[in-house]
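*Asks:* Only the shape, not the letters, is given here:
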Ligand code: GLY
């Protein structure tokens with residue numbers, strides 16, 4: 001023990017020394033007093049990221065959660081396809097090789113940055129059935145019935161993925177639907193060899209695969225769990241994909257696929273009708289954009305809360321010298337957590353489907369609003385969440401998937417799409433071969449009353465016929481002087497927002513390369529519950545102790561998010577791809 005004491009003292013001195021700026025060196029003048037701040041740093045944490053390097057390429061890059069889907073994207077690009085062609089091919093391929101999250105039974109968002117500088121948002125989020133109503137998940141006494149929105153057909157929204165992918169291809173792609181769907185159809189019909197990362201995800205929901213014969217017939221191997229090295233074939237999904245490949249979106253929304261979903265929904269007391277599918281449409285819109293330290297963030301407007309919340313947090317922290325304070329330092333964490341707490345309270349109170357409610361985005365992103373929030377932040381104490389006004393949002397599913405593509409011409413695509421929970425509802429309609437979503441759970445089940453997670457939810461996101469539930473999905477781009485700098489996004493329910501934000505900050509403020517940024521331990525604060533989620537390795541003991549003295553409480557969670565990201569390095573011109581360490585089957589590849 002005596003030998004350990006000097007070592008311990010040396011280490012305490014080491015972590016307590018203010019960390020020098022490691023970032024791109026932005027000279028930010030701070031208007032705040034830093035006298036009361038604690039400069040203990042996360043330098044020990046940062047050291048664990050030493051040596052991490054992204055995959056680099058000259059021309060183009062693809063990063064997805066499953067290596068075969070990445071290979072599909074790269075092959076399309078090498079054949080002369082553009083980023084949209086590759087993204088659509090990846091979207092269909094992930095529905096086969098990453099069935100937990102890749103999908104044709106769910107919905108999502110796309111941000112497209114065109115080589116000509118144009119930024120475009122495509123919303124293919126699920127919609128509530130036309131027979132849905134605000135009290136759908138409540139009993140006669142007005143109590144929310146647990147599981148109704150997540151485990152029954154009442155939780156299924158009208159899928160937007162097929163129309164989203166096909167519409168993007170038709171407008172901005174150069175290849176035919178046949179060309180971009182061929183790889184997915186081959187992977188489904190011939191099958192693919194399962195690797196440890198694939199089997200790990202299948203096993204996460206294995207118990208539910210036994211509950212439904214048509215699910216077990218595919219996702220169990222003769223009644224037993226699939227093993228590493230075995231070949232998973234999905235002939236029913238191959239048939240469904242062929243119907244889409246031949247008949248386009250019509251085959252899905254007006255043909256036998258919609259009929260199969262509606263029949264299954266009726267059989268299981270769901271609400272879906274053929275009219276829900278015939279009425280479905282995707283929406284093109286302008287992304288949310290904001291400036292941060294010379295960079296332009298391009299992200300998602302409502303019905304995603306992602307872009308607005310990320311931009312609000314950035315506007316709040318703009319005057320603080322995060323780079324000087326350092327990654328995972330007491331000061332940086334304090335101000336970032338406070339900013340997240342306030343921005344999430346606003347998110348849950350003010351945002352919803354723009355087709356149904358007004359979203360005060362301009363006000364939330366205004367300098368006046370940011371200044372007002374900064375004035376409420378105490379320099380050396382956490383603000384109790386009870387003192388931050390807001391109306392709670394729902395607890396979202398943590399499983400979704402992100403992919404990023406840049407082509408040799410400079411077109412870039414960022415997509416996050418989801419069936420909400422891992423494998424969504426866990427049920428498949430008849431012999432369609434794909435999992436249905438349980439996205440309706442992203443709606444407010446009952447305003448003003450705690451839901452099954454103990455959360456009180458806002459009326460703005462209440463269920464209405466044809467409405468899109470508020471999402472946190474944040475597929476994003478970062479531009480520098482109008483030129484592509486970063487493509488990022490993540491799965492993870494409400495943690496998507498903090499993961500995407502931190503992936504940007506780790507590069508812009510903390511000077512990390514793309515791989516370090518993606519792999520760095522994360523934190524997440526969402527106003528309520530009042531505990532800050534942290535990944536192992538984020539907090540040094542000294543930093544944790546100091547933050548706890550300031551009033552913070554932490555909940556360590558093993559890992560979350562999977563920020564499949566790309567950086568176009570302005571200094572070298574090289575493209576850096578980073579597959580998140582948290583998805584072992586993921587791959588970044590380029591040429
Ligand atoms: N289902 C998660 C989200 O859309 O945010």
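*Replies:* Yes, it's here. Treat the numbers as computed from the prediction; the structure is a model and nothing was measured. Numbering: from 1, shown residues only.
*Asks:* Tally up the residues packed near residue 284, please.
*Replies:* Per other CB atoms under 10 Å, the neighbour tally for residue 284 reads 13. In short, each C-beta sits where N, CA and C put it, glycine included.
*Asks:* Can you measure across stretch 466-486, start residue to end residue?
*Replies:* 34 Å (CA to CA, to the nearest Å).
*Asks:* That stretch and the ligand in contact?
*Replies:* Yes - using CB under 6 Å from any ligand atom, stretch 466-486 comes into contact with the ligand via 471, 472, 473.
*Asks:* And the first one, how far from residue 440?
*Replies:* Spatial separation of residue 471 from residue 440 under the definition CB to CB, to the nearest Å is 12 Å.
*Asks:* Confirm that residue 498 sits in a helix.
*Replies:* Yes - under DSSP: H, G, I helix; E, B strand; the rest coil, residue 498 sits within a helix.
*Asks:* Which secondary structure element is home to residue 555?
*Replies:* strand 554-556 (DSSP states H and E).
*Asks:* try residue 76
*Replies:* Residue 76 belongs to helix 67-78, assigned by DSSP H and E.
*Asks:* so which residue of the protein comes closest to the ligand?
*Replies:* residue 471 (3.3 Å; CB to the nearest ligand atom).
*Asks:* Quick check: closest non-adjacent residue to that residue.
*Replies:* Spatial nearest neighbour of residue 471, excluding adjacent residues (CB to CB, 6 or more residues apart in numbering): residue 304 at 4.7 Å.
*Asks:* Give me the below-cutoff pLDDT ranges for the stretch 351-500 of the chain.
*Replies:* 385, 388-398, 448-457 (pLDDT under 70).
*Asks:* Could you pick out the residues of it near the ligand for me?
*Replies:* Residues of the stretch 351-500 of the chain lying near the ligand (CB under 6 Å from any ligand atom): 396, 397, 400, 418, 420, 439, 442, 471, 472, 473, 493.
*Asks:* The same query, at a cut-off of 8 Å, please.
*Replies:* For the stretch 351-500 of the chain, the residues in contact with the ligand (CB under 8 Å from any ligand atom) are 396-397, 400, 416, 418, 420, 439, 441-442, 469-473, 491, 493-494, 496.
*Asks:* repeat for the chain
*Replies:* So far as CB under 8 Å from any ligand atom goes, the chain lies against the ligand at 125, 304-306, 396-397, 400, 416, 418, 420, 439, 441-442, 469-473, 491, 493-494, 496.
*Asks:* can you count the residues close to residue 433?
*Replies:* The number of residues packed near residue 433 is 25, by other CB under 10 Å.
*Asks:* Just to check, it is in contact with residue 244?
*Replies:* No - Residue 433 lies out of contact with residue 244 (CB atoms under 8 Å); the separation is 11.8 Å.
*Asks:* neighbour count winner among residue 471 and residue 440?
*Replies:* Comparing residue 471 with residue 440 by other CB under 10 Å, the one with more neighbours is residue 471, at 31 against 28.
*Asks:* Isn't that one up against residue 125?
*Replies:* Yes - the pair residue 471 / residue 125 is scored as a contact, 6.1 Å apart, by CB under 8 Å.
*Asks:* what do the two both touch?
*Replies:* Listed as contacting both residue 471 and residue 125 by CB atoms under 8 Å, 6 or more residues apart in numbering are 109, 303, 304.
*Asks:* Now render those residues as CSV, adding secondary structure and pLDDT.
*Replies:* Below are these laid out as CSV (DSSP: H, G, I helix; E, B strand; the rest coil; pLDDT from 0 to 100):
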residue, secondary structure, pLDDT
109, strand, 98
303, coil, 97
304, strand, 97
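*Asks:* so where does the residue nearest to residue 431 when sequence neighbours are not counted fall, helix or strand?
*Replies:* In this structure, residue 431 finds its nearest non-sequential neighbour in residue 236, 4.9 Å apart by CB to CB, 6+ apart. In this structure, residue 236 sits in helix 235-253 according to DSSP H and E.
*Asks:* residues of that helix that come out buried?
*Replies:* Neighbour counts over helix 235-253 (16 or more other CB atoms under 10 Å) mark 236-241, 243-245, 247-253 as buried.
*Asks:* Kindly report the same for stretch 424-431.
*Replies:* 424, 425, 426, 427, 428, 429.
*Asks:* Let's have these in CSV, adding secondary structure.
*Replies:* Output for the buried residues of stretch 424-431, formatted as CSV (three-state DSSP):
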residue, secondary structure
424, coil
425, coil
426, coil
427, coil
428, strand
429, coil
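*Asks:* ok, which pair from these is furthest apart?
*Replies:* 426 and 429 (12.3 Å; CB to CB).
*Asks:* could you point out which element follows the helix or strand where residue 316 lies?
*Replies:* Using DSSP H and E, residue 316 falls within helix 306-317. Under the assignment DSSP H and E, the closest C-terminal helix or strand after helix 306-317 is helix 322-325.
*Asks:* Show me what that following helix is packed against.
*Replies:* Applying 3 or more CB pairs under 8 Å, 6 or more residues apart in numbering; DSSP states H and E, one finds that helix 322-325 contacts helix 330-350.
*Asks:* Check which residues of the following helix or strand past the helix it packs on are buried.
*Replies:* Sequence order places helix 361-364 as the next helix or strand after helix 330-350, per DSSP H and E. Neighbour counts over helix 361-364 (16+ other CB under 10 Å) mark 361, 364 as buried.
*Asks:* which residues make contact with helix 361-364 from outside it?
*Replies:* So helix 361-364 is contacted by 288, 301, 302, 308, 312, 346, 350, 369 (CB under 8 Å, 6+ apart).
*Asks:* wait, the second one sits on residue 121?
*Replies:* Read that as residue 301. Yes - assessed by CB under 8 Å, residue 301 is found in contact with residue 121 at 6.3 Å.
*Asks:* wait, doesn't residue 119 sit right on residue 285?
*Replies:* No - assessed by CB under 8 Å, residue 119 is found out of contact with residue 285, at 10.8 Å.
*Asks:* quick one: which of these two has more around it?
*Replies:* residue 119 (18 against 15).
*Asks:* Bridge partners for the more buried one, pull those for me.
*Replies:* In this entry, residue 119 is beta-bridged to residue 113, by DSSP bridges.
*Asks:* any idea how far it lies from residue 481?
*Replies:* Going from residue 119 to residue 481 by CB to CB gives 14 Å.
*Asks:* swap in residue 434?
*Replies:* For residue 434 relative to residue 481 (CB to CB), the value is 42 Å.
*Asks:* and these two? which has more neighbours close in?
*Replies:* residue 434 (27 against 9).
*Asks:* Nearest residue to that one in space, please, no chain neighbours.
*Replies:* Closest to residue 434 by CB to CB, 6+ apart is residue 105, at 4.8 Å.
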